[in-house]
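# let's see this in three dimensions:
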Amino acid sequence: MNHVAMPRRPVSQRGFTLIEMMITVAIIVILSAIAVPQYTAYVTRGRIPDATSALATRAVQSEQFFQDNRTYASSSTLVNPGCATDTSGKNFDFSCSSASATGYVARAVGKGSMEGFTYTINQAGQKATTAVPTGWTTSTTCWVTKKDGTC
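Predicted coordinates for the structure are as follows:
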């Protein structure tokens, strides 16, 4: 059998060619252009429950306060825990934009990487996404958890 052997390069010429390196870099750039935005969106979606779960808890606290005091409004001696301002969260600040004898609107306002998001819930349990960053869709009937407005 005639077997033609490829000539081996001398030791000083072994390695990658410029074209091989350029192709490798191009593949890495293309993968990064797809992966990084997807990962960023994934991380953002993972932080949204910080707001929604805390607002749900605050709604329960406000309802308990109302059952005990027949008002949602805090007084000098009683504080509605569902409407207490809390700025200690990593991704959201919590407060009530209004609290009266008959109603309240609890808000979660994004900060840091979640800046631009605002979620609300009121005494009737109506959820809303009143502000979102560019590229996201708001909703007056639910808490948006994905860019396309999915709740």
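# what residues sit buried inside the lowest-mean-pLDDT helix or strand in the chain?
Lowest mean confidence among the helices and strands of the chain (mean pLDDT, DSSP states H and E): strand 92-99, at a mean of 92. Buried positions in strand 92-99, judged by neighbour count with 16 or more other C-beta atoms under 10 Å: 92, 93, 94, 95, 96, 99. The way it works is simple: take the backbone N, C-alpha and C, and place the C-beta from them, glycine included.
# ok, stretch 100-119 next?
Neighbour-count burial for stretch 100-119, counted by 16+ other C-beta under 10 Å, picks out 104, 105, 106, 107, 108, 109, 110, 114, 117, 118, 119.
# the last one: what's it in contact with?
Taking C-beta atoms under 8 Å, 6 or more residues apart in numbering as the contact definition, residue 119 lies against 51, 52, 55, 92, 107, 108, 127, 128, 129, 130, 143.
# what ranges do the helices span in the protein?
For the chain, the helices defined by DSSP state H occupy 18-69.
# farthest-apart pair in the buried residues of stretch 100-119, please.
Spatial extent of the buried residues of stretch 100-119 (C-beta to C-beta) is set by the pair 104 and 114 at 22.5 Å.
# turn the buried residues of stretch 100-119 into TSV, columns for distance to residue 148.
Shown next, in TSV, are those (distance: C-beta to C-beta, whole Å):
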residue	distance to residue 148
104	30
105	26
106	25
107	23
108	21
109	22
110	18
114	18
117	15
118	18
119	17
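# which two among the buried residues of strand 92-99 are spaced furthest apart?
Farthest apart among those by C-beta to C-beta are 92 and 99. That separation is 18.4 Å.
# let me have the buried residues of strand 92-99 in JSON lines, extended by distance to residue 67.
Shown next, in JSON lines, are the buried residues of strand 92-99 (distance: C-beta to C-beta, whole Å):
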{"residue": "92", "distance to residue 67": "26"}
{"residue": "93", "distance to residue 67": "27"}
{"residue": "94", "distance to residue 67": "21"}
{"residue": "95", "distance to residue 67": "22"}
{"residue": "96", "distance to residue 67": "17"}
{"residue": "99", "distance to residue 67": "15"}
